[in-house]
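In: I'd like to go over a predicted model; first the sequence, then the structure.
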Amino acid sequence: MPERQDPLRNFRYRLEIDGIEQAGFSEVTIGDLSTDPIEYREGDEITTVRKLNGLNKYANVTLKWGITDSMELADWHQLIVDDATPLADARRTVTVRVQDEAGNERAAYQITKAWPCKYDPSDFNATGNEVAIETLELCNEGVKRIAP
């Protein structure tokens with residue numbers, strides 16, 4: 001019997017974005033993936049409805065990170081805002097690589113044709129002591145689990 005593997009932790013991961021180097025992210029939220037069912041029945045069939053697969057839907061991906069002097073992600077969003085670059089040129093492939101305790105990559109998720117659809121700069125409070133967090137929401141056209 002093969003040795004049982006412990007589940008991977010959700011706090012050890014790396015994020016890769018085509019052409020963008022970012023030190024680290026405090027949170028990556030991959031939304032749910034769903035396929036809409038299409039109910040179909042012809043008049044001469046039994047009274048049970050058949051269910052066919054319809055449109056695939058991929059929820060947005062949310063990235064959160066502490067503000068640094070890096071402008072790469074804000075500049076990526078600005079490409080969309082300025083509308084100076086065709087959307088096809090602004091799309092990127094994003095890969096989340098999950099690591100085990102030793103830092104070995106054990107699982108990965110690939111987000112395809114992603115582009116920033118929402119950017120939320122941090123709130124600031126002179127009486128607080130929290131890290132300033134920026135948030136970027138990515139629209140996408142596919143999420144799949146891939147080999148690490």
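Out: Yep, it's here.

In: So the spatially most central residue of the chain versus G43, what's the distance?
Out: Geometric centre of the chain, nearest residue: V61, 3.3 Å, by Cα atoms, centre = their mean. In this view, V61 and G43 are 43 Å apart by Cβ to Cβ, to the nearest Å. For glycine as for every other residue, the C-beta is placed from the backbone atoms N, C-alpha and C.

In: follow-up on the earlier one: without its sequence neighbours, what residue ends up closest to the residue nearest to the centre of the chain?
Out: Nearest non-adjacent residue to V61, counting by Cβ to Cβ, 6 or more residues apart in numbering: L138, 4.4 Å away.

In: In terms of pLDDT, where does the residue sitting furthest away from the middle of the chain sit?
Out: Distance to the chain centre peaks in the chain at D44, reaching 44.7 Å (criterion: Cα atoms, centre = their mean). The model reports D44 with a pLDDT of 84.

In: now the end-to-end length of stretch 80-92.
Out: Taking Cα to Cα, to the nearest Å, stretch 80-92 runs 12 Å from one end to the other.
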